[in-house]
Structure formats: structure tokens, C-alpha cells
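A.B. asks: structure for the following, please:
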Amino acid sequence: MSVRKRAILCVIALLSVWYVFCLPRRLFDAPCATVVTDRHGELLGARIASDGQWRFPPCDTVPPKLATCLIEFEDRYYRYHPGFNPLAMGRALWQNVRSKRVVSGGSTLTMQTIRLSRGRERTLYEKCVESILATRLELRCSKDEILALYASHAPFGGNVVGIDAAAWRYFGHAADQLSWAEAATLAVLPNAPAMIHFSRNREALLHKRNRLLGRLHQRAIIDGIDYELALSEALPSELLPLPQTAPHLVSYFFQHNRGQRTVSTVDRDIQLQVESLLNRWNAEFTASDIRNLAAIVIDVHGNQVLAYCGNVHFEEHKSGNQVDVIRAPRSTGSILKPLLYCAALQEGEILPHTLLPDIPININGFAPQNFSMQFDGAVPASEAVARSLNVPSVILLRRYGVAKFHDFLKKAGISTLPEASSHYGLSLILGGAEATLWDVTAAYADMARTLCGLARTSCSFVAGRDGETLPPFFRPGAVWQTFDAIKDVNRPEEIDRRMIPSIQTVAWKTGTSYGFRDAWAVGVTPRYVVGVWAGNASGEGRPGLVGARTAGPVMFDIFNMLPAAEWFAMPGGEFVEAEICRHSGHLKGRFCDETETVKVLPDGLKTQACPYHIRVTLSADERFRVFEHCVGAGTVVHRNRFVLPPVWEWYYRGRHPEYRPLPPFMPDCGNDARLPMQFIYPQENNAAILLPRQLDGSPGAVTFELAHGHGDATVFWHLDEEYITATRDFHKLTLTPVPGRHTLTVVDSEGNTLSTTIVVDSH
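C.D. replies: As a prediction, the model looks like this:
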């Protein structure tokens, strides 16, 4: 082979290699806007690209109408040429020479796509390079893919780039909904976007659009009716704003998925309804200076978010409206109480109706109060959680264990507990910790999924992305009993039932944080879980900011607009039957007369038998307790009686007039081995009492309180064996003891004596 032939072959080989690798693997590197759609592809919102352009992420296909218009206007033979059209280029050259100026470029759509990607000046050399690269692009991509590349990056005037952004900015809807007139308008815009625009040279733009429509009509692509209708459509007068649906969710994806198109699990129709409802309620709450409101709706079966309203009035840059409250840690108030009830049930700490004390308590200075500022003495655990009573909840937490419940909450998905359990203490159940509306609502959704027999997964809000599989945690039986306790809750002291006319059964719980800063409500049905928060993002408290009066009615309004569902079926294989004391809720004891057979969790059989029923011997008229040897066996009766501890009894009698306290012993016929009195404060021996000084410098005082089972008893008070005073009916004593250790002793008129030791400190 001659040297010349070898040189030619080398040149051909080099050119072939260059041709193979001449086209960059990625044609376009320009940043894209962040676009978020709902589960059906409907646009929720977008955030502009980092270079200030409204450039949506590239589309995969071009809608048929727009594809037809683009090909007809720009490159009629697009489907047939290899990337460049020699005839079109020759015609353009002849027109330019004859006119002595550039009147036509002869570029194909493929060549224009290459030009958009290179961003070079238009020269004859550049035209040749574009032609070569265009043929290479035709070998890499299909005609439809090339058309999509062009449509995604073509300029449409101003800072609008790409067909998707143009359709929304000019016509307010998606590109696949374009009419023939709209498609023709957008098809002619990239030809000269800087010279022909909606805000200038409108007549020229209208002329080019109508001429293109005429060609479509002449070629029988559109019929006469479509042609006339298209001609009658006016050009848009101004750029339209993009939708602002679920703006806080869009902002979330702007931070975590920037420059991409995200298909969320949100249902746009439900989202819009919830947003409208929140705006109406917000208008009412604003009169009470409650400015922020958030809600989330989760589909139970898919464990997907259907509505995500992080706050109201996102467009208003004031009052914390741009704070996404769904993800903001807030004080929990009482919203975690059903989780404690569920935990105690599934670990066999209590039965559903086990009596819990509801009395004044003071634990190392922590003295919780019920919302009503009253005490019931004793309440069933189910009623305590239903009525959201603070004192029984604190006592239950103390019994269950703060550390154990802290761990339970973390496993349940509460991610905002960074401190050790000792940091929160017993206040953990009353709002001493923070949680997000996302975590709390997702935890209730986990409970609902467990009851529906579904696997436990993390909650998802990106379509097509399943939540992470999590290990089973909640037991269906405990969840069933928890939901049974909080469904159709009626709290007349906090809420007017007329405000929540729900048409379906809902298990629900509200919460109010200390200082009236946060109002919560979470509700559950077999289909949906709804979480609502109301308050001020700034943390300002308001007197009327109570969960049952604000967040609760909003939650029920949301449920009322959602499809109803039949209530959960009782889970099978979870329960065993047990005989329960009707009065105490404990397992039947030896002396329980009134019992009922109920279903309990197997671990519940480990709980204590009823300790409140005892057998007593009474005189024939039942006015006195007696010993048989005093009065003779024939003149006594034996009764099983329900008897509570003195402090419980003191408050219980006020709520339960049917309660019968034990009668006193008959004189000279026995002594009461069971003390009829008990300290309300202090409750524990060696209690530490701090007496801070008053504003005038004088030492502070402490009030001691006692409960006595006999309403007419007289109690004599002694401090360090020194008589102080006597009390009757209400047994309270206020003193200012000197710092140090003291012994407080009380003696009643029957000679019963009770003592406790206190340690007083003064600052």
C-alpha cells in the first residue's frame, strides 16, 4: 500500500474516531428549576433555577399538538432528513444572496438543538459544525427524543426556557393541555423570542401564529371548526404566576431535591380543599391573635401523605407564615398520652379500665394539675386518657418508667428527643419534650396500619418511593384498646360537641402545651390519619389556644371532607377473656361481687387482682364495724365493700355520690387497723420543702393538707410534739417552720395517729 493511501486511511480513521466522540455525552448543563407535582402529575409549584431562568427539568416527550406545530413551522421534513437538510440549506443560501442579508438559516430542528447546547455565534463555520454534530445526534437519539431536547431548552422570551415553563407562564396550564392556538403561539416564539413577544410586537406574533394555523388547515391537519376557533383565541396579555399549592412542601424539595422534578404523593384536590379550609379557620383564629395553622393528611394503607399544609398564607412574609410547622419541633402537650396508654397495655402494666389515682401530688416540687383544676380521686385508665387528665397520666408514667417510655417514643418514631430521659422527667407526658407534627401523625398512622394488618414502614411523600420497612412495634390488641378509649371522646369541660359534628367514627386526641403556646389534634380512621397544629410560630401563647377549641374542630372539618370508612375490625387472636372487677377495672379479687368478663391482652393477666374490695363485719343495722366477739355472731352481717385509700376517697366521694365509705367502729368493739386519714401534702416521708423568701424579705409558708375518711372528724395538728391547732371538715394548716428537720403529727378524735418527717430549706 502506498504512503498516500496509508495517510488517507489514517486521516479517515482519525476523522471517524473524532466523529464518534465529537458529541458531548451531556448536551445541556444549565441549571433547572425545582418542580414538584402531585401524584397525578399536576403542578403544585416550582422554584426558579439558580441562574434566574424558569427552565423546568427536561421533558421526555412533546405533546402531539405542539410537536406538529414545531415541525410544521421549523422543519417540515424533520422526520426524513439525517440531521441536516441540503435542500433547505441551499434554499436559504439563495435567499440570503438574493436579499443581500440573512433572511433564512436553513437549520433543522436537530441543528437548532445543537446550537442551543453550544451557545456560539452564528457563522458559516459554526453552521458546518452544527450540521456534523446534528448527524451524530441523530445516530444517538430518536427523532422524538431530539424534539424533546429542543422543546425543553428553546427560549420562549424573557427568562422563560422550555415548553413546560412556557405553557405555565403564558397559559396557566400544562403543555399537554395546549389548544391548537396556544401550541402554534409557542411554536413560533423560539424563532425570534427577543423581537416578537407578548409585551411587544404583538401584531407580528399574532400574524406568525395565524399563518402557521393557516398552513395546518391547508394541509388538513386541523379542520375548519378548529381553525376558526384557534383564530379567535386572543394572545395572553401578561406572564402568569406559577401555582402555589403546598408551598412548604415545594420549599422542602427545593432544599433537598434542587433542580429536579419530583412527583409527590400529595393529591392536589385534597390539598386545595385542606388549604382552603385552613385559610377559613385562620381568618377566625386571627381575631384571637392565633396566626398560624398547619395540617397533614396521611393515607393509612399506602402510608403516604395526601395533603401537606405546613402553614397558612405562605405568600405573606410576616407572622411566621413561611415556617414549615409540620417539621418544626413544638411542645407536645397531651398529644402523647395515648402512646403511654398503649405502651402500658401491651406490656401488661395495666388493664384498659384499671383505676388510677387522680389526687393532688407533689413529686420533688413537680405538682401537675388537671386542665379543670379539679380531682376525681380515682378514674379508670381509659377515662384518664380519654379526658386527658394530667395527674393520672403522670402517675401512670411514674409506674411505667420514664426511661422506658422515653425509649418507647424513640422507637415509635419521635425523633426530637436528643436528651437523656432524666432531662425530661415526669413532665415528658405533659409537654416537657418537643415533637414535630410529622412524627406524631406518622406514629398514629403506624398504629392504624398495625390494626389494619399492614407492615410498618416510614411515611412517604415521594410517589414511587416506598417507605423504609421498619421492625414491628405496636401490638394490634393494645392499639385496638387505645383507639377504643379515645374514639368519640366527649370533653364537655373543654369543647362544645356542636363544633365537631363528624359523620364518622374517629379516634382522636388533642393537646395543649404549657403557656397555651401549641394546640394539637390528631385523629385516626381506618383510611386516614389527620394531624393539625394551631398557634404562633414565634412561640407566643394565647389564652384561647386550647387543642380541643382550635386544632380539634379543624381536624374534624378535614375528616368531614374525606370519604368515610367503617371502623376497625377487632383483631383476632390477640385477646383472652378475663373476669374483671366492675368497680376497679382490676382482675377479680376474692371479695369482688360485681364482675364482668372482658377481653384483655394475655400480658394483662399478670396485673394485680383488685386490692380495693375487702370483707368487713358490720352490726345488724350496718351503722358500725364490729368484731364478732364483741356483739355475738348472731347480730352481725358480713359484707364485701369497695374501699379506696383515704386521699382517693376524699375526692372520689364528691364525684360519686353512690360511693359508701366504711362506717366507724362501734365504741368499745374494735380499733381501725386501717388508718382513715392520709396526708395529701406532703405525700412522702422525708419530703424536701423549699420556702423561698417573699418580696418583702419575710420567710415563705407551706400549707399541709390531710384527707380523712370521716367527714365529721376533728384532727389535732402537732409540729415537733408541740400542739398547733385543730381542724374540722377541711383539714389544712399553713405554717412557716424554721429550716431543718421536723416531725408533723396529726391525731383524730378517735385516737388515730399519723406522722411524717419533713426537711425545710429556706432561701
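A.B. asks: part of a helix, is Phe716?
C.D. replies: No: going by DSSP: H, G, I helix; E, B strand; the rest coil, the assignment for Phe716 is strand, not a helix.
A.B. asks: how close does it sit to Leu675?
C.D. replies: Distance of Phe716 to Leu675, computed by Cβ to Cβ, to the nearest Å: 15 Å. All C-beta spots, glycine's among them, are computed from the backbone N, C-alpha and C.
A.B. asks: got phi/psi on the closest residue to Asp75 other than its chain neighbours?
C.D. replies: Excluding its sequence neighbours, the residue lying closest to Asp75 (Cβ to Cβ, 6 or more residues apart in numbering) is Leu109, at 4.4 Å. Leu109 adopts backbone torsions of phi -60, psi -30, taken as degrees, to the nearest 10.
A.B. asks: counting neighbours, what do you get for Leu109?
C.D. replies: 23 (other Cβ atoms under 10 Å).
A.B. asks: would you map the helices across the stretch 551-700 of the chain?
C.D. replies: Using DSSP state H, counting those that start in this stretch, the helices of the stretch 551-700 of the chain run over residues 551-561, 628-631, 646-655.
A.B. asks: tell me which of the ones you listed sits most buried.
C.D. replies: Most buried of the helices of the stretch 551-700 of the chain by mean neighbour count (mean count of other Cβ atoms under 10 Å) is helix 551-561; its value is a mean of 23.
A.B. asks: what's next to it, contact-wise?
C.D. replies: Helix 551-561 is contacted from outside by 273-274, 277-278, 281, 293, 295, 297, 307, 495, 499-504, 506, 508, 510, 519-523, 525, 528, 530-534, using Cβ atoms under 8 Å, 6 or more residues apart in numbering.
A.B. asks: can you check stretch 277-296 too?
C.D. replies: Under the contact criterion Cβ under 8 Å, 6+ apart, stretch 277-296 has outside partners 274, 305, 307-313, 319-321, 323-326, 437-438, 441, 519, 530-537, 540, 542, 544-545, 550, 553-555, 557-558, 561.
A.B. asks: how far away is Ile350 from Ala381?
C.D. replies: As judged by Cβ to Cβ, Ile350 and Ala381 stand 5 Å apart.
A.B. asks: joint contacts of the two?
C.D. replies: In contact with both Ile350 and Ala381: Ala344, Leu356, Leu396, using Cβ under 8 Å, 6+ apart.
A.B. asks: closest to Tyr723 among those?
C.D. replies: The shortest approach to Tyr723 among the shared contacts of Ile350 and Ala381 belongs to Leu356, at 37.1 Å (Cβ to Cβ).
A.B. asks: am I right that the closest one is in a strand?
C.D. replies: Yes: Leu356 forms part of a strand when assessed by three-state DSSP.
A.B. asks: for it, what are its contacts?
C.D. replies: Ile350, Ala378, Val379, Pro380, Ala381, Ala384, Pro392, Ile395, Leu396.
A.B. asks: ditto for Thr736
C.D. replies: Leu691, Pro699, Gly700, Ala701, Val702.
A.B. asks: what score does the fourth one have for pLDDT?
C.D. replies: Ala701 is assigned 86 on the pLDDT scale.
A.B. asks: now it. Its backbone dihedrals?
C.D. replies: The phi/psi pair for Ala701 (degrees, to the nearest 10) is phi -130, psi 160.
A.B. asks: roughly how far apart are it and Phe716?
C.D. replies: Where Phe716 is concerned, Ala701 sits at a distance of 20 Å (Cβ to Cβ).
A.B. asks: between those two, point out the one with more neighbours.
C.D. replies: The neighbour comparison of Ala701 against Phe716 (other Cβ under 10 Å) goes to Phe716, with 15 against 11.
A.B. asks: in stretch 510-524, what's buried?
C.D. replies: 510-513, 516-524 (16 or more other Cβ atoms under 10 Å).
A.B. asks: make that stretch 266-280, sorry
C.D. replies: Of all the residues in stretch 266-280, those buried under the rule 16+ other Cβ under 10 Å are Val266, Asp267, Arg268, Ile270, Gln271, Leu272, Gln273, Val274, Glu275, Leu277, Leu278.
A.B. asks: again with stretch 414-432
C.D. replies: Residues 414, 416-417, 421, 424-432 are the ones in stretch 414-432 that count as buried (16+ other Cβ under 10 Å).
A.B. asks: can you say which two of the residues you listed are spatially most distant?
C.D. replies: Thr416 and Leu426 (18.5 Å).
A.B. asks: low pLDDT regions in the stretch 551-700 of the chain?
C.D. replies: 632-634, 670-673 (pLDDT under 70).
A.B. asks: tell me where it has strands.
C.D. replies: Along the stretch 551-700 of the chain, the segments classed as strands by DSSP state E, counting those that start in this stretch run 576-581, 595-600, 613-619, 636-642, 677-681, 687-691.
A.B. asks: so which of the ones you listed is the most packed in?
C.D. replies: Highest mean neighbour count of the strands of the stretch 551-700 of the chain: strand 677-681, a mean of 21 (counted as mean count of other Cβ under 10 Å).
A.B. asks: please compute how far that strand lies from its chain's middle.
C.D. replies: 43 Å (Cα atoms, centre = their mean, to the nearest Å).
A.B. asks: partner strands of that strand and their direction?
C.D. replies: Strand 677-681 sits in its sheet next to strand 702-708 (antiparallel), going by DSSP bridges.
A.B. asks: angle of the partner strand against helix 646-655?
C.D. replies: Relative orientation of strand 702-708 and helix 646-655, computed by axes from the mean of the first three to the mean of the last three Cα atoms, to 10 degrees: 70 degrees.
A.B. asks: put the alpha carbons of stretch 270-280 into PDB.
C.D. replies: C-alpha atoms of stretch 270-280 as PDB (Å, rounded to 0.1, in the frame of the first residue of the first chain):
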ATOM      1  CA  ILE A 270     -57.400  17.200  48.700                       C
ATOM      2  CA  GLN A 271     -54.500  19.600  49.200                       C
ATOM      3  CA  LEU A 272     -56.600  22.500  47.800                       C
ATOM      4  CA  GLN A 273     -59.600  21.600  49.900                       C
ATOM      5  CA  VAL A 274     -57.400  21.500  53.100                       C
ATOM      6  CA  GLU A 275     -55.700  24.700  52.300                       C
ATOM      7  CA  SER A 276     -59.000  26.500  51.700                       C
ATOM      8  CA  LEU A 277     -60.300  25.100  55.000                       C
ATOM      9  CA  LEU A 278     -57.300  26.200  56.900                       C
ATOM     10  CA  ASN A 279     -57.500  29.700  55.500                       C
ATOM     11  CA  ARG A 280     -61.100  30.000  56.600                       C
END
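A.B. asks: okay, and Leu205 sits in which element?
C.D. replies: helix 202-218 (DSSP states H and E).
A.B. asks: packing partners for that helix?
C.D. replies: Helices and strands touching helix 202-218, by 3 or more Cβ pairs under 8 Å, 6 or more residues apart in numbering; DSSP states H and E, are helix 64-74, helix 180-188, helix 224-232.
A.B. asks: can you list contacts of it?
C.D. replies: With contact meaning Cβ under 8 Å, 6+ apart, helix 202-218 is reached by 68-69, 72-73, 180-181, 184-185, 187-189, 191, 195-198, 222-224, 227, 230-231, 235.
A.B. asks: so how far is it from its chain's centroid?
C.D. replies: 52 Å.
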